[in-house]
Every structure is written in structure tokens, then in C-alpha cells.
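*Asks:* show me the folded form of this:
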Amino acid sequence: MNLFFIGQCVHDETDRHEGVRHSNFRFCKNMRDANYMCETVTRDSKSWWTINGGYCLPYLFAYHTLGLDTSAVTDKCTFSLRCALSNSLDQDCECKNTTACHAMVIDSCREHIYYPDLGSLLSPYVDMVYVRDRDWTNKKPDMFLMTGEVKCIGYQIIIYGVAFRTFVEKFQFYAYRVSENILCNTPEAVQVIRDYQGPHYDIDCWNNSKTFNNRSYQVSFLCQTRCISKYRVRDGILDCFPSEEVSTNNNSCPQIQRHRLQCSSSELTCLLTGELGNWATSCSNGRDEFDYKNGMILTRNIACMERTDSGCAYLRNYIRMSSYDNADDITIANNSILDDYSTTTIPFRSYCDSLFNTRSGIDETSEFCQKWICFNTEYQCLSGQCISPHWICDGKLTPLAIFVLTFYFSSCCCR
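*Replies:* Here you go, the predicted model:
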């Protein structure tokens, strides 16, 4: 369900070609996450073309003639690749089918084609590479190139020359933490050196250093390739690979605990305020998404825009009390956001009708509604909800749409 279009940050583990993360579609409606590489994606069952400035358009235009794209003149290889990947979306393409475009690429390009040609676009250490002689109906790259310099613990990795790697489906292509882990663990070779004098993280992560007020640094050694503060462990944000955010890691962070959410006395966390109510549960008991005592979904009920807002005061107290409350009696089996305390019973057809019938709103989530089957007399929205045909183009938003727009216009931000 593509609800996350307004003001969202696309996760770096999202497959930018398919727009999918963990089986859910998560991409920018304005295609910004595919800018400069529009031809490599298929969104809304359409092919896209990269115009000057990197923006994506899905129309069958003569982009060169209209002055929207100059690659036909400035870079014949890039233009040929765009024609091949988009099935000649540009009417100025000399080739009009996949076979003809394949021949055009062969004539215009070298063996390995870097796209986008401006280099590492969405990850600082990775370039997409296409092989000249290939099946151009497949939009994903054939290989990737890891390059550049990166700080590691004890040394700096420097890659010289060209080091191609085979692209595999499971590779987290745009996750820079994964790239750093691969690079830092690359053994020295002809094209790779470890510079122990260059910029790097201290071998002991400055464990013996003092802060300005003569306190010891709170250092974590959970990351294999970078030094991080202990306060960044279980704060809801992934800082390294393998992740330090897994539920088996506990972190009480007592010095700042009054400012961080603790999931429970047995699951010690330091969750940042921004991780509360973001529809991505970080606590195994769902405490960061649902206030069990007051029966409130944090996303829907807490408005905190200014420091003086009542919602901000509520969140400050909610976080502060998490250090004292024993939340271990909250269990996924009995009292979770997923089963609404196991006490709410709603009619079968109340699911996916664009109306929230449970306190958690679970009856309208994308995981359920995307595969929901509507009555023949109903209209099914792209989000999966079933509505009356009389609601179509009546100038009114559905309750679900009102909630989504209100929430994301008023409270969503990127960090």
C-alpha cells in the first residue's frame, strides 16, 4: 500500500529497482529515489525516462527533440542504454525493439557500462555496471563496482583500479553500511591496500580518552568496522552491519535514559523519540508504537510539533516513565498491537473498508488489504481498501486517506 509518499525517507535497504523492502512497496511517488537512473526501474507497470536534471517521466515523447534530454548528442552509449532498458520510450530512439536496441548498444558502448554515468549515486562506494552484450529486458545491473576509500577500525581501505563483483539478488545494493563492512573486510591485494597511517578509527575506539568534563567515553565495540557511542546501541537506528539493533542486544544507557524509551526491564533499549510511532516496531512488545495503559496508537494520537504542545509533554512523560514501569507483563501473545489485546472482534467485512475499527488500526494495514478481495459491487482502491462506487470522484477523501494526509503533512520528517 503506497501510503508513504509524502515526506518519507526511503530505507537504504529498499530495492530501488523494484521499490520493495521486506515484501512491502516503499518508494517515492515523485520517483526521486530513482532520479538519474529512471530506466532501471519499473514502477506502476510503466517504463521511465531520465530527463536533464535526473527527473523521471513515463511518457512516450521525443525527449531529445523537445529539449528535455540531451544524451542523444552528449553520450551516445548512455542514450542507447536508456533506449534498451525503457523499450524505446524516447521516440527519438533509433531502435524500436529490444533486438535493435541490443545491436545499438553493442555499436555504441564498451564492454562494461557504468550507469548512471555520474558514478556512485545512492551509495558512496558502489557503482552499477551493465555488460554490453545482455538481455535488456532485465533492468537490474549485471555487476557492481566497489571503489573509493573508507575508514575502518585501525586502518583505511583504499581501492585502486577496477574491481568488479557479480551482482546477486540478496545484495543490499544501496545500504552503505553493508558496503563498508565488505570493504573493511577485504584482504589486501593488488588493487586493495590497508593504509594504517590514513584516516581511520582508533584501534581501541578511543576507549581510554576522556570527555570535556573528564568522564570516560561510553564506547561500544558491537560494530566490526566503525566506532560508535554506547548510546547508539538499540536507539532504533542502524549504525553498522551486522546490526547493533537486534533484540538480543541490551543497552540501559543510564546517563540519558530519561530521554530514551526503554522497551521493558528485560529488553533494555535507548530508543530515540523519532523512533516512536513510526509504524516500524523496535520493541518486541510493541511499546514504541502503542501505549497499552491508555489504549492509544502513538502515530495517530500524539501531535508534537512545538515544545509546548501537549503531545510533546505526553511523550516526554511516556519516555521518562518507561525507565520505571515494568512492561514485562506486556506480551506479544496476549496484549500486542497486532491482536488489539485479543479482545476486539469486528465483522469480517469491516476489514479494509477504509474505516478504522480497531484501536491499533490493524484492520486497514497494507499487509492485509493488498490481497483483500472486494465484492463485485465495490471499487478497490490501489491501497487495497474496498469502497462504494458512489465514493469515486465525489470530492471527498476516505477516512483512511484523511488520516494519512493529515499525519504526513503535519508530522513526518526526514532525519
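
*Asks:* and the longest strand along the chain, which residues are buried?
*Replies:* Longest strand in the chain by number of residues (criterion: DSSP state E): strand 126-131. Neighbour-count burial for strand 126-131, counted by 16 or more other C-beta atoms under 10 Å, picks out 126, 127, 128, 129, 130. Every residue, glycine included, has its C-beta placed from N, CA and C.

*Asks:* quick one: buried residues of the helix or strand following it?
*Replies:* Using DSSP states H and E, the helix or strand that follows strand 126-131 in sequence is strand 143-146. By 16+ other C-beta under 10 Å, the buried positions in strand 143-146 come out as 144, 145, 146.

*Asks:* domain ranges for this structure?
*Replies:* As assigned by automatic domain parsing, the chain contains the domains 31-195, 219-329, 345-411.

*Asks:* could you dump those into a markdown table and include distance to residue 24?
*Replies:* Shown next, in a markdown table, are these (distance: least, C-beta to C-beta, whole Å):
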| stretch | distance to residue 24 |
| --- | --- |
| domain 31-195 | 14 |
| domain 219-329 | 10 |
| domain 345-411 | 6 |
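
*Asks:* pick out the shakiest of those domains, pLDDT-wise.
*Replies:* Looking at the domains of the chain, the lowest mean pLDDT belongs to domain 345-411 (a mean of 74).

*Asks:* strands along the stretch 151-300 of the chain, start to end?
*Replies:* Remark: strands assigned in the stretch 151-300 of the chain by DSSP state E, counting those that start in this stretch are 156-159, 164-166, 192-195, 219-220, 228-229, 290-291, 296-297.

*Asks:* quick one: closest of those strands to residue 277.
*Replies:* strand 296-297 (7.3 Å; C-beta to C-beta).

*Asks:* partner strands of that closest one and their direction?
*Replies:* strand 290-291 (antiparallel) (DSSP bridges).

*Asks:* if we can go back for a sec, with the buried residues of strand 126-131 in mind, which one is nearest to residue 19?
*Replies:* Of these, the one sitting nearest to residue 19 (C-beta to C-beta) turns out to be residue 128, at 16.1 Å.

*Asks:* which residues does residue 364 contact?
*Replies:* The neighbours of residue 364, taking C-beta atoms under 8 Å, 6 or more residues apart in numbering as the test, are 351, 352, 353, 354, 355, 356, 385, 400.

*Asks:* again, but for residue 103
*Replies:* residue 95.

*Asks:* what's the answer for residue 363, then?
*Replies:* Counting by C-beta under 8 Å, 6+ apart, residue 363 has contacts 346, 350, 351, 352, 356, 357.

*Asks:* between these, which has the most around it?
*Replies:* Neighbour count (other C-beta atoms under 10 Å) singles out residue 352 as the most crowded of those, with 27 neighbours.

*Asks:* wait, doesn't that one sit right on residue 369?
*Replies:* Yes. Residue 352 lies in contact with residue 369 (C-beta atoms under 8 Å); the separation is 4.0 Å.

*Asks:* okay, and the common contacts of these two?
*Replies:* By C-beta under 8 Å, 6+ apart, the residues touching both residue 352 and residue 369 are 384, 385.

*Asks:* where do the helices sit along the stretch 301-415 of the chain?
*Replies:* Under the criterion DSSP state H, counting those that start in this stretch, the stretch 301-415 of the chain contains helices at 310-321, 366-369, 399-411.
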